[in-house]
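A.B. asks: give me a model of this one.
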Amino acid sequence: MKFSIKYQLSPRTEGDRLTENVPIRLRVSFAGIRVDLRSGYVIDAEKWDNNNACVKIGAKNSFNQTAGEINRALTNLSSIVEEVLTRFELDNRRTPTAKEFKAAFDEAAGRKKKEVTPDFFTVFDKFVVEAGTANNWVPATYTKFSSLRKHLYAYMPQQILNQLTKEKLQGFVKYLQDAGQMNTTVSKYMSYVRWFLRWACNNGYYNGLLHEQYKPRFKGIDCKEVIFLSWEELQHFLNYQFPENRSSLSCVRDVFCFCCFTGLRYSDVARLRPCDVKRTTNKPFISIVTMKTEDRLHIELNKYALQILDKYKNIHFPKGLALPVISNAKMNEYLKEAAEIAGIKEPVRIVFFKGNKRYENVLPKCELLTTHSGRKTFICNAIRLGIPTNVIMEWTGHSDYKAMKPYIKIVDAVKEENMSKFDTFSEERRSNSKK
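C.D. replies: Numbers count the residues shown, from 1 in each chain. I've put the predicted structure just below:
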């Protein structure tokens, strides 16, 4: 039986042509029948030799598979094609249908489908258990994936994992947007979905490439406003005297300001005990293991943080805490009230997108403050003071410089101070030349 085989890169069925991690396919033609077979390998388009229909010598794909390894595998698949067609002709004395050929090829290549294909949510639940254990997820992370699962189940309750398509994921994005989710939330959910699919692929539950190929872009992802107190606002808030009938707000203010002067998260300041405060050295510091990342942090204490600790040094709080910390929800509620009374009402424009539609709100800063704003305040003011980013990261526990970029962008005072250097540059050069 005459046949021909062409090795090709699989084109995308719609949209722009894929250029990275492009699947390699075999196009087999025999007796007027054409069948496309997946090779199981991918390669960047620039590393594919169209003239010789093979991977260019010396190239590797993203899985570190070499040109030699891939090209030998393609040759082996050609031998399997020849063997299948020859055997079919001898045993059955007729030309196979496309379906029969594919089934025989998959069996010969060891690609027989598993008898039981788990549904999407069975595998998703396994992923949550294994990834959560392996990465020491905190309760908040489990909550995020539980929320994602509810949305996925509402949209596609009977989904089979290996039947998931790009169109289905596009539909899920539209479902979230129609439900009123902001683009920042939708983008985060889709990054979680790709994480799940990557895990499922690596563990043999999923044989597609959507985790590599489907990366939608959303408007407004980088326009989220960082809410923090300027140094002037922080000093005003720290020293504000609350009315006698609202004097209890000073405790909320003090805990928040302590976060502003140390960079601690709420989850860590809520567990801070006097034994974590080391005063035996020339420069007092706190030493804690963070709740979120389980990193040990060594944070030197400035005079403002020490003053707050000293204010409550002789007061005994429940659970032996160092500060009067209440629940996060209550603290957020009272923090907004305290900031409003203290006059922290600078208008802040909040811009966000839902799909392609832009929304804007202008709110007083006091309404936007949360406990996490304390950590953001610490980072922004540290940058403004000219403290090196690597030192700030040692205090905050950030391991990736990318996480610091949003803060660096918004510290306008630093940008203004550095831009003013251009104004005095010529004068300084003339002064130095006279010397």
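
A.B. asks: OK, contacts around residue 352?
C.D. replies: Residues near residue 352 by CB atoms under 8 Å, 6 or more residues apart in numbering: 182, 183, 184, 220, 223, 224, 358, 359. Backbone N, C-alpha and C define where each C-beta goes, glycine included.

A.B. asks: same thing but 6 Å
C.D. replies: Residues near residue 352 by CB atoms under 6 Å, 6 or more residues apart in numbering: 182, 220, 359.

A.B. asks: what do you get for residue 339?
C.D. replies: 366, 369.

A.B. asks: please report phi then psi for it.
C.D. replies: phi -70, psi -40 (degrees, to the nearest 10).

A.B. asks: on that earlier part again, and which of the contacts of residue 352 is nearest to residue 203?
C.D. replies: For the contacts of residue 352, the residue nearest residue 203 by CB to CB is residue 182; the value is 31.9 Å.

A.B. asks: from residue 364, how far off is the closest one?
C.D. replies: Relative to residue 364, residue 182 is positioned 21 Å away (CB to CB, to the nearest Å).

A.B. asks: thinking again about what came up before, restricted to strands, list the contacts of residue 352.
C.D. replies: residue 359 (DSSP state E).

A.B. asks: quick one: buried ones out of the contacts of residue 352?
C.D. replies: Applying 16 or more other CB atoms under 10 Å to these, the neighbour count classes 182, 220 as buried.

A.B. asks: where's the dip in pLDDT among the contacts of residue 352?
C.D. replies: The lowest pLDDT within those belongs to residue 220, with 86.

A.B. asks: that one contacts residue 185, correct?
C.D. replies: No - between residue 220 and residue 185 there is no contact under CB atoms under 6 Å: 11.3 Å.

A.B. asks: start to end distance for stretch 161-171?
C.D. replies: One end of stretch 161-171 to the other measures 16 Å (CA to CA, to the nearest Å).

A.B. asks: may I see the buried residues of that stretch?
C.D. replies: 161, 162, 164, 166, 169.

A.B. asks: just the ones of those in helices?
C.D. replies: Mapping the buried residues of stretch 161-171 onto helices (DSSP state H) picks out 166, 169.

A.B. asks: kindly reformat the buried residues of stretch 161-171 as CSV containing distance to residue 58 and pLDDT.
C.D. replies: Output for the buried residues of stretch 161-171, formatted as CSV (distance: CB to CB, whole Å; pLDDT from 0 to 100):
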residue, distance to residue 58, pLDDT
161, 36, 92
162, 34, 89
164, 35, 93
166, 32, 94
169, 35, 96
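
A.B. asks: let's have the buried residues of stretch 161-171 in a markdown table, adding distance to residue 245.
C.D. replies: Listed next are the buried residues of stretch 161-171 as a markdown table, based on distance: CB to CB, whole Å:
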| residue | distance to residue 245 |
| --- | --- |
| 161 | 60 |
| 162 | 64 |
| 164 | 59 |
| 166 | 60 |
| 169 | 55 |
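
A.B. asks: ok, the buried residues of stretch 161-171 vs residue 59, which is closest?
C.D. replies: Distances from residue 59 to those, taken as CB to CB, are shortest for residue 166 (26.6 Å).

A.B. asks: so the closest one is in contact with residue 214, correct?
C.D. replies: Yes - counting by CB under 6 Å, residue 214 is a contact partner of residue 166 at 5.4 Å.

A.B. asks: hang on, residue 379 packs against residue 407?
C.D. replies: Yes - Residue 379 sits in contact with residue 407 when judged by CB under 6 Å, with a separation of 4.7 Å.

A.B. asks: who has more neighbours out of the two?
C.D. replies: residue 379 (26 against 22; other CB atoms under 10 Å).
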